[in-house]
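what's the 3D shape of this:
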Amino acid sequence: MINFAALGRAAATNMHWQYVFKNTTPVPGTDGFCVDLNQSSGVPKYNPFAGSSITLTPLEGSGNLGVYTGVFETGKIKRLLRWQMTQLSTAPDHVYLLDYLAFYPLIDTDDPDIQVMDNTLNLPRYSNGKIVLIVQSPLVNSVPITITYTNQDGTSGQSSTFNLIPGAAIGVCATGTGTAGGQGQVTPFFPLAGNDTGVQRIESVQMGGGGGGFICAAIVHPVAELPIFEVRVPSEKQFGIFGQAPEIKQGACLNFVVSRSPATAGSFQGELLFVNV
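Model (predicted):
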(Lines give C-alpha, C1' and ligand atoms only; values in the text may rest on other atoms or scores of the structure.)
Protein backbone atom coordinates (compact mmCIF):
# COMPACT_ATOMS: atom_id res chain seq x y z
CA MET A 1 0.00 0.00 0.00
CA ILE A 2 1.27 3.46 -0.90
CA ASN A 3 1.13 5.74 2.12
CA PHE A 4 0.13 9.40 2.20
CA ALA A 5 3.68 10.63 2.75
CA ALA A 6 4.86 8.89 -0.41
CA LEU A 7 1.99 10.41 -2.37
CA GLY A 8 2.82 13.83 -0.99
CA ARG A 9 6.45 13.56 -2.07
CA ALA A 10 5.37 12.46 -5.54
CA ALA A 11 2.91 15.33 -5.80
CA ALA A 12 5.64 17.88 -5.25
CA THR A 13 7.19 17.16 -8.64
CA ASN A 14 4.77 14.95 -10.53
CA MET A 15 1.17 16.12 -10.19
CA HIS A 16 -1.67 17.39 -12.33
CA TRP A 17 -4.38 19.71 -10.99
CA GLN A 18 -7.63 19.76 -13.00
CA TYR A 19 -10.50 22.22 -12.68
CA VAL A 20 -14.06 21.02 -13.42
CA PHE A 21 -17.23 23.06 -13.89
CA LYS A 22 -20.82 22.22 -14.82
CA ASN A 23 -23.06 25.24 -15.24
CA THR A 24 -26.45 23.49 -15.36
CA THR A 25 -27.13 19.85 -14.62
CA PRO A 26 -30.11 17.87 -15.94
CA VAL A 27 -33.28 18.32 -13.87
CA PRO A 28 -34.46 15.26 -11.92
CA GLY A 29 -38.18 14.64 -11.77
CA THR A 30 -38.22 14.03 -8.02
CA ASP A 31 -36.02 14.78 -5.00
CA GLY A 32 -33.31 12.16 -4.65
CA PHE A 33 -33.22 11.17 -8.32
CA CYS A 34 -29.80 10.91 -9.98
CA VAL A 35 -28.48 12.84 -12.97
CA ASP A 36 -25.56 12.20 -15.30
CA LEU A 37 -23.24 15.14 -15.98
CA ASN A 38 -22.00 13.91 -19.36
CA GLN A 39 -25.02 15.50 -21.02
CA SER A 40 -24.44 19.01 -19.67
CA SER A 41 -21.96 21.62 -20.91
CA GLY A 42 -18.82 22.71 -19.13
CA VAL A 43 -15.52 21.08 -18.21
CA PRO A 44 -15.44 18.22 -19.09
CA LYS A 45 -17.40 18.88 -22.26
CA TYR A 46 -20.87 17.72 -23.30
CA ASN A 47 -20.96 14.04 -24.29
CA PRO A 48 -24.20 12.96 -26.04
CA PHE A 49 -23.32 9.23 -26.04
CA ALA A 50 -23.44 9.20 -29.83
CA GLY A 51 -22.97 5.85 -31.53
CA SER A 52 -24.67 3.07 -33.43
CA SER A 53 -27.89 1.88 -31.83
CA ILE A 54 -27.53 -0.94 -29.22
CA THR A 55 -23.83 -1.34 -30.06
CA LEU A 56 -21.11 -1.44 -27.41
CA THR A 57 -19.12 1.77 -27.92
CA PRO A 58 -15.88 2.03 -25.86
CA LEU A 59 -14.91 5.40 -24.36
CA GLU A 60 -11.37 6.75 -24.14
CA GLY A 61 -10.79 10.01 -22.31
CA SER A 62 -8.79 12.56 -24.30
CA GLY A 63 -8.55 16.31 -24.06
CA ASN A 64 -11.82 17.62 -22.63
CA LEU A 65 -13.76 14.38 -23.11
CA GLY A 66 -13.85 13.29 -19.49
CA VAL A 67 -11.85 14.88 -16.67
CA TYR A 68 -8.29 15.39 -17.94
CA THR A 69 -5.93 13.52 -15.62
CA GLY A 70 -2.55 14.69 -16.90
CA VAL A 71 0.29 12.87 -18.60
CA PHE A 72 0.84 9.18 -17.80
CA GLU A 73 4.45 8.11 -17.23
CA THR A 74 5.84 4.71 -18.11
CA GLY A 75 6.43 2.53 -15.07
CA LYS A 76 4.29 4.69 -12.77
CA ILE A 77 0.70 4.47 -11.52
CA LYS A 78 -1.68 7.39 -11.78
CA ARG A 79 -3.68 8.01 -8.59
CA LEU A 80 -6.31 10.47 -7.41
CA LEU A 81 -4.83 12.30 -4.43
CA ARG A 82 -7.46 14.94 -3.66
CA TRP A 83 -11.00 15.79 -4.80
CA GLN A 84 -12.88 18.97 -3.95
CA MET A 85 -16.42 19.84 -5.15
CA THR A 86 -18.74 22.79 -4.53
CA GLN A 87 -22.48 23.02 -5.22
CA LEU A 88 -23.29 26.58 -6.31
CA SER A 89 -27.10 26.47 -6.23
CA THR A 90 -28.87 23.96 -3.97
CA ALA A 91 -27.81 21.17 -1.64
CA PRO A 92 -27.37 18.52 -0.30
CA ASP A 93 -26.06 16.22 -3.04
CA HIS A 94 -24.10 13.00 -3.29
CA VAL A 95 -21.56 12.88 -6.13
CA TYR A 96 -20.13 9.74 -7.74
CA LEU A 97 -16.88 9.97 -9.74
CA LEU A 98 -17.01 7.27 -12.42
CA ASP A 99 -14.77 5.98 -15.18
CA TYR A 100 -17.16 5.58 -18.13
CA LEU A 101 -15.89 2.48 -19.93
CA ALA A 102 -18.43 2.08 -22.73
CA PHE A 103 -22.08 2.54 -23.63
CA TYR A 104 -24.94 1.08 -25.66
CA PRO A 105 -26.86 4.06 -27.14
CA LEU A 106 -30.44 4.45 -28.35
CA ILE A 107 -32.17 1.54 -26.66
CA ASP A 108 -35.82 1.89 -27.74
CA THR A 109 -38.12 1.69 -24.71
CA ASP A 110 -41.15 1.27 -27.04
CA ASP A 111 -39.82 -1.88 -28.68
CA PRO A 112 -41.54 -4.94 -27.11
CA ASP A 113 -39.15 -7.43 -28.70
CA ILE A 114 -35.83 -8.63 -27.31
CA GLN A 115 -33.15 -6.16 -28.37
CA VAL A 116 -29.87 -8.05 -28.85
CA MET A 117 -26.78 -5.93 -28.20
CA ASP A 118 -23.83 -5.81 -30.60
CA ASN A 119 -20.73 -6.80 -28.60
CA THR A 120 -18.17 -6.84 -31.39
CA LEU A 121 -15.87 -4.71 -29.23
CA ASN A 122 -14.83 -5.23 -25.59
CA LEU A 123 -14.67 -3.05 -22.50
CA PRO A 124 -11.48 -0.99 -22.17
CA ARG A 125 -9.39 -0.70 -18.97
CA TYR A 126 -11.45 -3.07 -16.77
CA SER A 127 -12.92 -6.52 -17.35
CA ASN A 128 -16.33 -5.52 -15.94
CA GLY A 129 -18.30 -2.63 -14.51
CA LYS A 130 -21.69 -1.45 -13.26
CA ILE A 131 -24.65 -0.39 -15.41
CA VAL A 132 -26.00 3.17 -15.41
CA LEU A 133 -29.16 3.74 -17.47
CA ILE A 134 -29.33 7.30 -18.83
CA VAL A 135 -32.28 8.98 -20.56
CA GLN A 136 -31.50 10.12 -24.13
CA SER A 137 -35.05 11.27 -24.93
CA PRO A 138 -37.69 11.85 -22.22
CA LEU A 139 -39.64 8.82 -21.00
CA VAL A 140 -43.41 8.96 -20.58
CA ASN A 141 -44.18 5.81 -18.61
CA SER A 142 -42.69 3.73 -15.83
CA VAL A 143 -42.13 0.31 -17.38
CA PRO A 144 -40.09 -2.77 -16.43
CA ILE A 145 -36.82 -3.41 -18.22
CA THR A 146 -35.12 -6.81 -18.19
CA ILE A 147 -31.38 -6.79 -18.79
CA THR A 148 -29.64 -10.06 -19.63
CA TYR A 149 -25.87 -9.90 -19.21
CA THR A 150 -22.58 -11.72 -18.73
CA ASN A 151 -21.39 -11.22 -15.14
CA GLN A 152 -17.95 -10.46 -13.71
CA ASP A 153 -16.96 -14.16 -13.81
CA GLY A 154 -17.95 -14.63 -17.45
CA THR A 155 -21.24 -16.40 -16.67
CA SER A 156 -23.68 -15.55 -19.45
CA GLY A 157 -27.47 -15.49 -19.31
CA GLN A 158 -27.72 -13.63 -16.01
CA SER A 159 -30.91 -11.57 -15.82
CA SER A 160 -32.39 -8.79 -13.70
CA THR A 161 -35.63 -6.79 -13.98
CA PHE A 162 -36.35 -3.32 -12.56
CA ASN A 163 -38.35 -0.27 -13.60
CA LEU A 164 -37.47 2.79 -15.64
CA ILE A 165 -38.17 6.27 -14.27
CA PRO A 166 -40.96 8.02 -16.24
CA GLY A 167 -41.18 11.64 -17.38
CA ALA A 168 -37.43 12.18 -16.99
CA ALA A 169 -35.45 14.91 -18.76
CA ILE A 170 -32.44 14.04 -20.91
CA GLY A 171 -29.46 13.09 -18.75
CA VAL A 172 -31.45 11.70 -15.81
CA CYS A 173 -30.46 8.25 -14.59
CA ALA A 174 -33.40 5.99 -15.35
CA THR A 175 -33.18 3.06 -12.91
CA GLY A 176 -35.99 2.81 -10.37
CA THR A 177 -37.41 0.17 -8.06
CA GLY A 178 -41.02 -0.22 -6.99
CA THR A 179 -43.10 2.23 -9.00
CA ALA A 180 -39.97 4.28 -9.80
CA GLY A 181 -41.89 7.41 -8.90
CA GLY A 182 -40.80 8.50 -5.45
CA GLN A 183 -37.96 9.10 -3.05
CA GLY A 184 -36.05 6.02 -1.97
CA GLN A 185 -37.09 4.14 -5.12
CA VAL A 186 -34.14 5.00 -7.33
CA THR A 187 -30.53 3.91 -7.62
CA PRO A 188 -27.67 5.18 -9.84
CA PHE A 189 -26.58 1.62 -10.63
CA PHE A 190 -28.88 -1.01 -12.12
CA PRO A 191 -29.24 -3.83 -9.53
CA LEU A 192 -27.82 -7.15 -10.67
CA ALA A 193 -28.99 -10.68 -9.96
CA GLY A 194 -27.94 -12.65 -6.87
CA ASN A 195 -24.36 -12.00 -5.79
CA ASP A 196 -23.22 -10.52 -9.10
CA THR A 197 -20.95 -7.51 -8.69
CA GLY A 198 -20.25 -6.51 -12.28
CA VAL A 199 -21.08 -6.85 -15.96
CA GLN A 200 -18.68 -7.78 -18.75
CA ARG A 201 -21.28 -7.13 -21.43
CA ILE A 202 -25.01 -6.65 -21.86
CA GLU A 203 -26.43 -9.43 -24.02
CA SER A 204 -29.96 -8.11 -24.52
CA VAL A 205 -32.73 -5.94 -23.10
CA GLN A 206 -36.51 -6.35 -23.23
CA MET A 207 -39.16 -3.86 -22.25
CA GLY A 208 -42.26 -4.79 -20.27
CA GLY A 209 -44.28 -1.94 -21.84
CA GLY A 210 -43.88 1.29 -23.76
CA GLY A 211 -41.62 3.83 -22.08
CA GLY A 212 -41.98 6.48 -24.77
CA GLY A 213 -38.32 7.34 -25.39
CA PHE A 214 -34.73 6.15 -25.73
CA ILE A 215 -32.12 5.31 -23.11
CA CYS A 216 -28.39 4.67 -23.08
CA ALA A 217 -26.86 1.87 -21.00
CA ALA A 218 -23.40 2.95 -19.83
CA ILE A 219 -20.96 0.55 -18.16
CA VAL A 220 -18.88 2.35 -15.55
CA HIS A 221 -16.17 1.73 -12.98
CA PRO A 222 -16.86 3.64 -9.71
CA VAL A 223 -13.78 5.57 -8.55
CA ALA A 224 -14.92 7.60 -5.52
CA GLU A 225 -17.89 9.24 -3.78
CA LEU A 226 -18.25 12.68 -2.17
CA PRO A 227 -21.21 14.08 -0.17
CA ILE A 228 -21.98 17.80 -0.42
CA PHE A 229 -23.92 19.20 2.54
CA GLU A 230 -24.12 22.97 2.06
CA VAL A 231 -24.37 25.43 -0.82
CA ARG A 232 -21.10 27.22 -1.68
CA VAL A 233 -19.22 25.32 1.00
CA PRO A 234 -16.55 23.07 -0.60
CA SER A 235 -16.57 19.38 0.25
CA GLU A 236 -13.19 17.70 0.06
CA LYS A 237 -11.75 14.21 0.28
CA GLN A 238 -8.04 13.61 0.71
CA PHE A 239 -7.08 10.10 -0.40
CA GLY A 240 -4.15 8.05 0.83
CA ILE A 241 -4.48 8.94 4.52
CA PHE A 242 -6.53 5.97 5.74
CA GLY A 243 -6.29 3.76 2.68
CA GLN A 244 -5.21 3.42 -0.91
CA ALA A 245 -5.65 6.38 -3.21
CA PRO A 246 -7.80 5.31 -6.21
CA GLU A 247 -5.88 4.20 -9.30
CA ILE A 248 -6.74 5.95 -12.57
CA LYS A 249 -6.16 3.82 -15.66
CA GLN A 250 -4.65 5.31 -18.81
CA GLY A 251 -7.49 6.30 -21.13
CA ALA A 252 -9.92 6.83 -18.24
CA CYS A 253 -13.03 8.79 -19.21
CA LEU A 254 -13.98 10.36 -15.88
CA ASN A 255 -17.28 12.12 -15.23
CA PHE A 256 -19.94 12.40 -12.55
CA VAL A 257 -23.35 11.10 -11.49
CA VAL A 258 -25.10 13.21 -8.85
CA SER A 259 -27.91 12.23 -6.49
CA ARG A 260 -29.84 15.53 -6.35
CA SER A 261 -31.83 16.23 -3.18
CA PRO A 262 -33.91 19.07 -4.71
CA ALA A 263 -35.73 18.44 -8.01
CA THR A 264 -33.98 21.34 -9.73
CA ALA A 265 -30.95 21.93 -11.91
CA GLY A 266 -27.65 22.17 -10.08
CA SER A 267 -24.37 23.94 -10.72
CA PHE A 268 -20.98 22.55 -9.73
CA GLN A 269 -17.35 23.52 -9.66
CA GLY A 270 -14.44 21.55 -8.31
CA GLU A 271 -10.87 20.40 -8.63
CA LEU A 272 -9.05 17.07 -8.71
CA LEU A 273 -5.39 16.45 -8.01
CA PHE A 274 -3.71 13.49 -9.75
CA VAL A 275 -0.21 12.12 -9.16
CA ASN A 276 2.07 9.59 -10.86
CA VAL A 277 3.80 7.37 -8.30
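
list the buried residues in stretch 153-165.
Across stretch 153-165, burial judged by 16 or more other CB atoms under 10 Å covers 158, 160, 162, 163, 164, 165. All C-beta spots, glycine's among them, are computed from the backbone N, C-alpha and C.

how about stretch 227-234?
Of all the residues in stretch 227-234, those buried under the rule 16+ other CB under 10 Å are residue 228.

equivalent analysis for stretch 25-39, please.
25-30, 32-39.

strands - which of those residues land there?
Among the buried residues of stretch 25-39, DSSP state E puts 34, 35, 36 in strands.

ok, so of the residues you listed, who is nearest residue 69?
Checking those against residue 69 with CB to CB, the nearest one is residue 36 at 19.5 Å.

assign residue 101 to helix, strand or coil.
Secondary structure for residue 101, judged by DSSP: H, G, I helix; E, B strand; the rest coil, is strand.

what sits against it?
Counting by CB atoms under 8 Å, 6 or more residues apart in numbering, residue 101 touches 58, 59, 123, 124, 125, 126, 129, 218, 219, 220, 221, 253.

export these to TSV and tack on neighbour count, secondary structure and distance to residue 263?
Output for these, formatted as TSV (neighbours: other CB atoms under 10 Å; DSSP: H, G, I helix; E, B strand; the rest coil; distance: CB to CB, whole Å):
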residue	neighbour count	secondary structure	distance to residue 263
58	17	strand	33
59	26	coil	29
123	20	coil	33
124	16	coil	35
125	19	coil	34
126	16	coil	33
129	24	strand	28
218	27	strand	23
219	27	strand	27
220	26	strand	24
221	20	strand	28
253	28	coil	28
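
closest one of the residues you listed to residue 110?
Of all the contacts of residue 101, residue 218 has the smallest distance to residue 110: 20.6 Å, by CB to CB.

what bridges to that closest one?
residue 103, residue 132 (DSSP bridges).

okay, it: pLDDT?
Residue 218 is assigned 98 on the pLDDT scale.

gap between it and residue 255?
Distance of residue 218 to residue 255, computed by CB to CB, to the nearest Å: 10 Å.

which residue ranges of the stretch 151-277 of the chain form helices?
Using DSSP state H, counting those that start in this stretch, the stretch 151-277 of the chain contains no helices.

low-scoring stretches of it, by residue?
180-183, 242-243 (pLDDT under 70).

quick revisit: can I get the contacts of residue 101 in JSON lines including distance to residue 66?
Formatted as JSON lines, the contacts of residue 101 follow (distance: CB to CB, whole Å):
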{"residue": "58", "distance to residue 66": "12"}
{"residue": "59", "distance to residue 66": "7"}
{"residue": "123", "distance to residue 66": "15"}
{"residue": "124", "distance to residue 66": "12"}
{"residue": "125", "distance to residue 66": "12"}
{"residue": "126", "distance to residue 66": "15"}
{"residue": "129", "distance to residue 66": "15"}
{"residue": "218", "distance to residue 66": "12"}
{"residue": "219", "distance to residue 66": "15"}
{"residue": "220", "distance to residue 66": "12"}
{"residue": "221", "distance to residue 66": "12"}
{"residue": "253", "distance to residue 66": "4"}
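
pick the one among these closest to residue 106.
Residue 106 lies nearest to residue 218 out of the contacts of residue 101, by CB to CB, at 12.7 Å.

circling back to that earlier point, of the buried residues of stretch 25-39, closest to residue 79?
Lowest distance from residue 79 to those (CB to CB) belongs to residue 37, with 22.3 Å.

quick one: residues contacting residue 230.
Going by CB under 8 Å, 6+ apart, residue 230 touches 87, 91, 92.

quick one: it and residue 25, what's the gap?
According to CB to CB, residue 230 and residue 25 sit 17 Å apart.

for the nearest residue to residue 160 once chain neighbours are set aside, grab the count of nearby residues.
Counting by CB to CB, 6 or more residues apart in numbering, residue 193 is the residue found nearest to residue 160 once chain neighbours are left out, at 4.6 Å. Residue 193 sits with 14 neighbouring residues when counted by other CB atoms under 10 Å.

okay but residue 193 is in contact with residue 157, surely?
No - using CB atoms under 8 Å, residue 193 makes no contact with residue 157, being 10.0 Å away.
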